[in-house]
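*Asks:* all I have is the shape, not the residue letters:
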């Protein structure tokens, strides 16, 4: 029974690490092919939320919990400028602009208006992944994890319960405190 509990404990910890460290990325892009490329690239390590217009992007962002935004500039509905402005009114969530434009003056203006970074299309997938990773790392270093992500983070698996706050694994008969 103890060996089974030990194996289960390791499994629960792996699942919880994925839950706790998986970022929620909002991709606001009207091109279906680019959306699919980005979703495929990022889904293995992150949760990807898709929006196909600026208006839809703002609605998705306002639902909360977004850790990073990949934002196209040329969008139907509200354009990238307007979406960036709306996000910056309430949040410092990292925003990476996606642009087919190579106008350095315009790109500089987006950065001054609050964008954290930009990527010029067509883009290299390794570069996109690296830039996303860097922004998520910098964001995590600047602010402690959101309280809502830590509150009551309990994972249940059959009659075994793992509490991330106390680092305890409990069954109906026993409670084990894990080392942090």
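*Replies:* Ah, there it is. Predicted, not measured: the structure shown is a model, and the values here were computed from it.

*Asks:* which residue ranges of this structure form helices?
*Replies:* Assigned by DSSP state H, the helices in the chain fall at 2-21, 32-43, 54-62, 80-90, 104-112, 125-142, 147-150.

*Asks:* of all those helices, which one is nearest residue 175?
*Replies:* helix 2-21 (10.8 Å; CB to CB). Backbone N, C-alpha and C define where each C-beta goes, glycine included.

*Asks:* show me what contacts the closest residue to residue 131 other than its chain neighbours?
*Replies:* Nearest residue to residue 131 in three dimensions, chain neighbours excluded: residue 117, at 5.5 Å (CB to CB, 6 or more residues apart in numbering). By CB atoms under 8 Å, 6 or more residues apart in numbering, the contact list for residue 117 reads 94, 96, 97, 111, 131, 134, 135.

*Asks:* returning to what we had before: residue 174 is nearest to which of the helices of the chain?
*Replies:* It's helix 2-21; of the helices of the chain, that one is closest to residue 174 (CB to CB) at 7.6 Å.

*Asks:* quick one: mean pLDDT over that closest one.
*Replies:* Averaged across helix 2-21, pLDDT comes to 55.

*Asks:* then stretch 170-179?
*Replies:* 74.

*Asks:* same question, stretch 128-148
*Replies:* The predicted model assigns stretch 128-148 a mean pLDDT of 76.

*Asks:* next one: stretch 99-116
*Replies:* Rounded mean pLDDT across stretch 99-116 is 88.

*Asks:* the closest residue to residue 83 other than its chain neighbours: neighbour count?
*Replies:* The shortest distance from residue 83 to any non-neighbouring residue, by CB to CB, 6+ apart, is to residue 54 (4.6 Å). Applying other CB atoms under 10 Å, we find 25 residues neighbouring residue 54.

*Asks:* go ahead and confirm residue 54 touches residue 78.
*Replies:* Yes. Because the distance of 3.2 Å satisfies CB atoms under 8 Å, residue 54 is recorded as touching residue 78.

*Asks:* who does residue 48 bridge with?
*Replies:* residue 25 (DSSP bridges).

*Asks:* thank you kindly, that will do.
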